[in-house]
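**Q** A predicted structure for the sequence below; I have some questions about it.
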There are 4 protein chains.
Amino acid sequence: MVGGGRDAFIGAVHRNAMALDGQIELVAGALSSSAEKARASGRDLHLADDRNHGDWPSLLADELKRPLEERIDFVSIVTPNHVHFPVAQAFVEGGFHVVCDKPLVHTRAQADALVAAVKKQGTLFGVTYNYTGYPMVRQAREMVRSGQLGELRKVMVEYNQGWLASQLEGAGNKQADWRTDPARSGAAGAIGDIGSHAENLVASVTGLEIESLCADLSALVPGRMLDDDGSLLLRFKGGARGVLIASQINTGLENDLRLRVSGTLGTLEWRQEQPSQLVHLPHDGPKRILTRGSPWLCEAAQRASRLPAGHPEGFIEAFANIYAGIVADIRARNAGQQANAIAADYPRVEDGARGVRFIERTVASAQSESKWTPW
Amino acid sequence: MVGGGRDAFIGAVHRNAMALDGQIELVAGALSSSAEKARASGRDLHLADDRNHGDWPSLLADELKRPLEERIDFVSIVTPNHVHFPVAQAFVEGGFHVVCDKPLVHTRAQADALVAAVKKQGTLFGVTYNYTGYPMVRQAREMVRSGQLGELRKVMVEYNQGWLASQLEGAGNKQADWRTDPARSGAAGAIGDIGSHAENLVASVTGLEIESLCADLSALVPGRMLDDDGSLLLRFKGGARGVLIASQINTGLENDLRLRVSGTLGTLEWRQEQPSQLVHLPHDGPKRILTRGSPWLCEAAQRASRLPAGHPEGFIEAFANIYAGIVADIRARNAGQQANAIAADYPRVEDGARGVRFIERTVASAQSESKWTPW
Amino acid sequence: MVGGGRDAFIGAVHRNAMALDGQIELVAGALSSSAEKARASGRDLHLADDRNHGDWPSLLADELKRPLEERIDFVSIVTPNHVHFPVAQAFVEGGFHVVCDKPLVHTRAQADALVAAVKKQGTLFGVTYNYTGYPMVRQAREMVRSGQLGELRKVMVEYNQGWLASQLEGAGNKQADWRTDPARSGAAGAIGDIGSHAENLVASVTGLEIESLCADLSALVPGRMLDDDGSLLLRFKGGARGVLIASQINTGLENDLRLRVSGTLGTLEWRQEQPSQLVHLPHDGPKRILTRGSPWLCEAAQRASRLPAGHPEGFIEAFANIYAGIVADIRARNAGQQANAIAADYPRVEDGARGVRFIERTVASAQSESKWTPW
Amino acid sequence: MVGGGRDAFIGAVHRNAMALDGQIELVAGALSSSAEKARASGRDLHLADDRNHGDWPSLLADELKRPLEERIDFVSIVTPNHVHFPVAQAFVEGGFHVVCDKPLVHTRAQADALVAAVKKQGTLFGVTYNYTGYPMVRQAREMVRSGQLGELRKVMVEYNQGWLASQLEGAGNKQADWRTDPARSGAAGAIGDIGSHAENLVASVTGLEIESLCADLSALVPGRMLDDDGSLLLRFKGGARGVLIASQINTGLENDLRLRVSGTLGTLEWRQEQPSQLVHLPHDGPKRILTRGSPWLCEAAQRASRLPAGHPEGFIEAFANIYAGIVADIRARNAGQQANAIAADYPRVEDGARGVRFIERTVASAQSESKWTPW
């Protein structure tokens, strides 16, 4: 693992997710950009001293020196965004499989370079768009892709939070600090941090491709350097319309990611805060509430579930499903087999690259006076 | 009453709303554009023969001939949109108080003429934006206006229906026929029919004024002549941002009008389909669910309520509250008094005119390649 | 109307319900037990002086003197409970159709006498168990009766309120005064006032007959003379089991009447505070949310609905549906016809009598040391 | 671990819960009553061969032979109920700390013996009443115990499932087989399996002690040998009243455990299927929705939470909180310290024994013709 030391938020979640199913063991790390904090964090986690590194180049160098059977199976990169690219690129070039947090990198050039490197090396590369790990998101995907909604017409995706409604940056909140800092977060704030999840959710569930977009990005908290509120009109190839909202200044809202997809035959609604429910409104009958763990769900949804219906699963389980997909792919690779597609279900480097393009196009649109910015 | 005969939808609702509180008696009408259907409809409603007219000019002429004490107190215009203007104008010029359905008229020129006529005559003029009659909308208005949300930053309003997701027009559905016909509905479809409610809800609750807007209007059902789906980005004076969506092709959705307003101190959420709840998310404490009928609500909300908390009120009650406001104003006028502002709480001709401008600006934006169309 | 004057709660609701559909005109009354208040209340409602009586015997005598075509079509009795019996008995014996609030009377002897009188006179008699007027309750009834739940096994009905959680009686609250007074309310408090609604809801929806019951009634507010909290175990003929709870000391709860019925093939859930939804959980597929106004509902539910789906209807509309049933029955009777069963859908005097028996048996059980008290 | 091999349900959940926080390593086991299946299951989980036993006496004997520093820190017993007692007793007597699933044992005599053994040995003993591990249950406990509801008056607890609504036993469903078999499940079915959770939830949150109870237990599925539906009236010391329902024949219900507690100052409501919400209805203000992860929660709730608000946690996390409490207690013990009470928050052997008494008293009441069976 690179990043995720003391004070980090998402690193601990990655570790919970890895541990959950007993399939992944954390054996080596460079857990912070500060060598001292990195090592202290590694000791907290009982890493062996010789695999507890002060910086990621040491980790990489050390792993490369080890015999193949001792090496890590993959590296997980959970640093702030600006560190993703060099680490990912180096590990891919070193022949390692990589799991990287989102948004993947800062620029389209970096994204293209990374895609090319992965292609060249033939390694596996997963991006932790964790919300697509929820079983009912996979059920939604199956229902849309198999035509149960008919032809898609309208997509509404919102990701609203309230935690950045006041100026936390510069006041001792490490998360707020880097997420509002262009040097570390990239060209976008809310749109990069959570809008990219919204984009991925739409792409994953619907398969629709954005044709053009029209964005209004604002920094509504005085003094903020990156957008904390963004709203986009979307036009998809084939004629469907969409709206995407990502905002971190909706006071009191927690983590309100929600998706609505309407087609000629029905509508689906899903909310991350009630992840076990998928609401289906067919055009010719009453509303149906599909729930995780039910025997009538698709295989992808069933396999992404650990407990019977009514026993809530949550964020960590969804996150663990992304890791489970990567592990299945690595295991198949190691066994010289083709992975089962339903087992090896996780976002790839190309999804990450598309997310980077989304951010770049959104920022371009926000700076444009033309209504529509092409994809 | 003008319009609202057999087969009409909203006319019957107006009559339920008028009847509910026992304050209004329907005594005269020209209930259809077909003289025969008008008279048959009047007989259904037990109108006296001499006040049951085949067309509205006869109704007007007859009322003007009657002594003042026999005349109707006001006329209610519930026809399809294209008839609003001539009828309203004629009755205002005849010195009658008027209640008119929304959207008020087809063009800004008509709206301006009507506002001028009302001003000149000094008559009262209500527009039945009925959703502002809900007690919890009035509570929301009070909380926003009194500063409980702090400075407003983001407004999200959606009005989604599914009933026009297939091509009902031309297939014997009278409601679909006129609402998708530019000659009768005006320059806009969904944006005029329900988007105008959304605009009014935002204006009423927040008091914010739109500075510029960016609209995408689409007719997604093949062959449809007016928009059935519209999405707008809004910029308000003072810096708040907004999104407004009005769509009638969200298969399976019923009458899903919802509003979210976020300020520096909190967020409010309201859904028309659960109208007795107002969700308040303060920045510094747990979510609160305010319910109709509670003693801690503002006076405007309390007065708009007939039943104790937990005894559901609905659409007709909200509609009746608009009428109750107009009746209070007329009673005060007749008594030579200034009406109590909380009692005489109803949308005025100026609100109707602003709604017409909203439609006109939205259509202009939809046809423009510039991102922002000024108000 | 008898009762329902100034300060009364339910009288005004009856009048709203009567007015809503424009089918019923209030023409005569004795609106209070105080002659002065009765007449003042009648003047508020624009009753003609000669039909605005100071007491109900005068009203009855006056009506009997009038020629048949001038007489009231029916009387509505909305007094506190202890007055129901003499008034109802007298009007029935006078040959009038009667609508009476619930619980019908105080004792089984009174109930039997009233049933006998109605039978003898051949008049119509409705009891305003208003909750059975909700369209989705009628839909539930249809689904249960037509076997969609299979064989019934378990019934859960709760009616919880919080308004009597403190000692309001004796403190100027007229509602609390009479409802906690055995002389006016009868042998039971919460069980009579709201438990009787719960009993009626179960009987109406399921058709199950209670075989034996086991009750625990308590007056939890110090000094209270009647139960404010009651819980019952129920055994139904045929083997189904049930629980019935009626409590008025659940602080903060509003009017939380809810029903759950489980059979071998599925479960239904309904909550009065969201009356437009009926939740159906089939044994072999996902949860379904049936909503008022949908085309796939049964005819009884459709006819009990005034507005399209998504336009909330509430308590008054449900109440008005009870009146509409009675009006349909009276109209048919007056026309010498058999009423359409779906139109003339309202609780009868026998339902009221069964409710009185329920209260009597519950009080007997509460005083018994035996577990099961037979019906 | 004893039990929890292939085909077991709850064993896997225990392992997920143990793994989640990286604090517990599974090193030894006797995972099934079949030696062959036990060893195969252990190989699935990568147990070392010398710690992968075919039966639990071998496991115990082997551990006792090992030097203290190599021994397991505690044993987790996740077998069907009838095996709990001998295993637990033996490990306690061997000086081991024990975690045991619920219900603890079959009889009060066994429970008393176990309590005595634990007392004598001075070992730690946790019972996995996992629902008390939910943060919002701990918040509810704190609010009740600190007097925020005032004096308690009414408790309503329901635990409804539908999975046993048809006769699964004898049809290849291992879970159904043992849970409906008196030899393995004990004297009670639904009341033992899930009613005991309901009892524990009430006791944990309210601290109320049952004074007497009145139970109706039924086997509603033909041929079933143990109750699948139970309803109880409860009287608590001090005067509060309660209802407890546990049923496994509510077709379509999943895992619907819900609690309502009303006091003089307010009511709390919690539902296991939406575990992150706690609804608080104060007597003097609007309903409040407290959510997991909020800074205004009590310390016990905050410590039981891993993720920010809005990032759903679920069943496994709650289960892991029970284990975390036990681990904290063991660590403190090993360090020779008194454990922090908020950290070492888990149900003890005495809670398990009280649960056994509850089952025994409930079965006695169900067989009695007297209304009230004393505790």
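**A** Received, thanks.
**Q** Tell me how many other residues crowd residue A:239.
**A** Residue A:239: 12 surrounding residues under other CB atoms under 10 Å in any protein chain shown. The C-beta positions use only the backbone N, C-alpha and C, and glycine is treated the same way.
**Q** How about the contacts made by it?
**A** Going by CB atoms under 8 Å, 6 or more residues apart in numbering or on different chains, residue A:239 touches A:153, B:220.
**Q** All the helices of the stretch 151-300 of chain A, residue numbers only.
**A** All helices of the stretch 151-300 of chain A, identified by DSSP state H, counting those that start in this stretch, fall at A:174-179, A:182-185, A:190, A:196-206, A:299-303.
**Q** How far away from the center of its chain is the longest one?
**A** Per CA atoms, centre = their mean, to the nearest Å, the displacement of helix A:196-206 from the mean C-alpha position of its chain is 10 Å.
**Q** For that helix, C-alpha coordinates in CSV please.
**A** Taking C-alpha atoms only, helix A:196-206 is exported to CSV below (Å, rounded to 0.1, in the frame of the first residue of the first chain):
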residue,chain,number,x,y,z
SER,A,196,-16.2,11.7,-10.9
HIS,A,197,-18.0,9.1,-8.9
ALA,A,198,-21.3,10.3,-10.4
GLU,A,199,-19.9,10.1,-13.9
ASN,A,200,-18.6,6.6,-13.3
LEU,A,201,-22.0,5.5,-11.8
VAL,A,202,-23.8,6.8,-14.9
ALA,A,203,-21.3,5.2,-17.3
SER,A,204,-21.3,1.9,-15.5
VAL,A,205,-25.1,1.6,-15.1
THR,A,206,-26.2,3.0,-18.4
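**Q** which helices and strands does it pack with?
**A** helix A:135-145, strand A:152-160, strand A:241-247, strand A:256-263, helix A:349-366 (3 or more CB pairs under 8 Å, 6 or more residues apart in numbering or on different chains; DSSP states H and E).
**Q** Distance to residue B:77 for these - can I get that in JSON lines?
**A** JSON lines is the format used below for these (distance: least, CB to CB, whole Å):
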{"stretch": "helix A:135-145", "distance to residue B:77": "44"}
{"stretch": "strand A:152-160", "distance to residue B:77": "33"}
{"stretch": "strand A:241-247", "distance to residue B:77": "34"}
{"stretch": "strand A:256-263", "distance to residue B:77": "34"}
{"stretch": "helix A:349-366", "distance to residue B:77": "43"}
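**Q** if we compare the ones you listed, which one ends up closest to chain D?
**A** Chain D sits nearest to strand A:256-263 of all those, at 6.8 Å, using CB to the nearest CB.
**Q** Hmm, residue A:163 is touching residue A:249, no?
**A** No. Counting by CB atoms under 8 Å, residue A:163 sits too far from residue A:249 to count as a contact (9.2 Å).
**Q** Quickly note the distance from the nearest residue to residue A:200 once chain neighbours are set aside to residue A:112.
**A** Nearest residue to residue A:200, sequence neighbours excluded (CB to CB, 6 or more residues apart in numbering or on different chains): residue A:129, at 4.2 Å. Distance of residue A:129 to residue A:112, given as CB to CB, to the nearest Å: 19 Å.
**Q** out of those two, which sits in the more crowded spot?
**A** With neighbours defined as other CB under 10 Å, residue A:129 and residue A:112 compare such that residue A:129 has more, 24 against 14.
**Q** Distance check, the more buried one against residue A:147.
**A** Distance, residue A:129 to residue A:147, by CB to CB: 24 Å.
**Q** Could you check what's spatially nearest to residue A:136, not counting adjacent residues?
**A** residue A:278 is the one closest to residue A:136 (CB to CB, 6+ apart), at 4.2 Å.
**Q** surely the one you found meets residue A:270?
**A** Yes. Using CB under 8 Å, residue A:278 is in contact with residue A:270, at 5.4 Å.
**Q** quick one: common contacting residues for these two?
**A** A:136, A:140.
**Q** Would you map out the domains in chain A?
**A** Domains of chain A are assigned by automatic domain parsing as A:10-130, A:132-308+A:352-366.
**Q** Contacts made by stretch A:181-191 with the rest, please.
**A** A:80-82, A:103, A:106-107, A:164, A:169, A:178-180, A:192-193, A:195, A:215, A:217, A:219, A:224-230, A:246-248, A:359-360, A:362-363.
**Q** which of the residues you listed are buried?
**A** A:80-82, A:103, A:106, A:164, A:169, A:178-180, A:192-193, A:195, A:215, A:217, A:219, A:224, A:226-230, A:246-248, A:359-360, A:362-363 (16 or more other CB atoms under 10 Å in any protein chain shown).
**Q** Now narrow those to whatever sits close to chain D.
**A** Here nothing survives when the buried ones among the contacts of stretch A:181-191 are matched to chain D using CB under 8 Å from any CB of the partner chain.
**Q** Determine the three-state secondary structure at residue A:24.
**A** coil (DSSP: H, G, I helix; E, B strand; the rest coil).
**Q** Leaving out chain neighbours, which residue sits closest to it?
**A** Take residue A:24 and drop its neighbours on the chain: the residue closest to it by CB to CB, 6+ apart is residue A:18, 4.0 Å away.
**Q** Would you mind listing what in chain A touches chain D?
**A** A:9, A:12-13, A:15-16, A:19-22, A:45, A:161, A:163, A:253-256, A:272-276, A:291, A:293, A:306-317.
**Q** 7 Å instead, please
**A** Within chain A, the positions near chain D by CB under 7 Å from any CB of the partner chain are A:13, A:15-16, A:19-20, A:22, A:254-256, A:273, A:275, A:291, A:306-307, A:309-315, A:317.
**Q** what mean pLDDT does stretch A:1-10 have?
**A** For stretch A:1-10, mean pLDDT rounds to 89.
**Q** in it, what counts as buried?
**A** Quick answer for stretch A:1-10 (16+ other CB under 10 Å): A:1-5, A:8, A:10.
**Q** Please identify which of those residues is nearest to chain D.
**A** For these, the nearest to chain D is residue A:10 (10.2 Å; CB to the nearest CB).
**Q** Apart from its neighbours in sequence, what residue is nearest the closest one?
**A** Once flanking residues are discounted, residue A:10 sits nearest to residue A:78: 5.5 Å by CB to CB, 6+ apart.
**Q** how close does that neighbour sit to residue A:98?
**A** 11 Å.
**Q** between the two, who's got more neighbours?
**A** Neighbour count, other CB under 10 Å: between residue A:78 and residue A:98, residue A:98 has more, with 28 against 25.
**Q** Quickly find the element holding that one.
**A** Residue A:98 is part of strand A:97-100 when elements are defined by DSSP states H and E.
**Q** rewinding a little: so the residue nearest to residue A:10 sits right up against residue A:3, yeah?
**A** Yes. Contact criterion CB atoms under 7 Å: residue A:78 and residue A:3 qualify, at 4.3 Å.
**Q** Which residues are in contact with each of the two?
**A** residue A:11 (CB atoms under 7 Å, 6 or more residues apart in numbering or on different chains).
**Q** didn't residue A:73 look like it was pressed against residue A:327?
**A** No. Contact status for residue A:73 versus residue A:327: not in contact, 8.1 Å apart, counting by CB under 7 Å.
**Q** Thanks a lot, see you next time.
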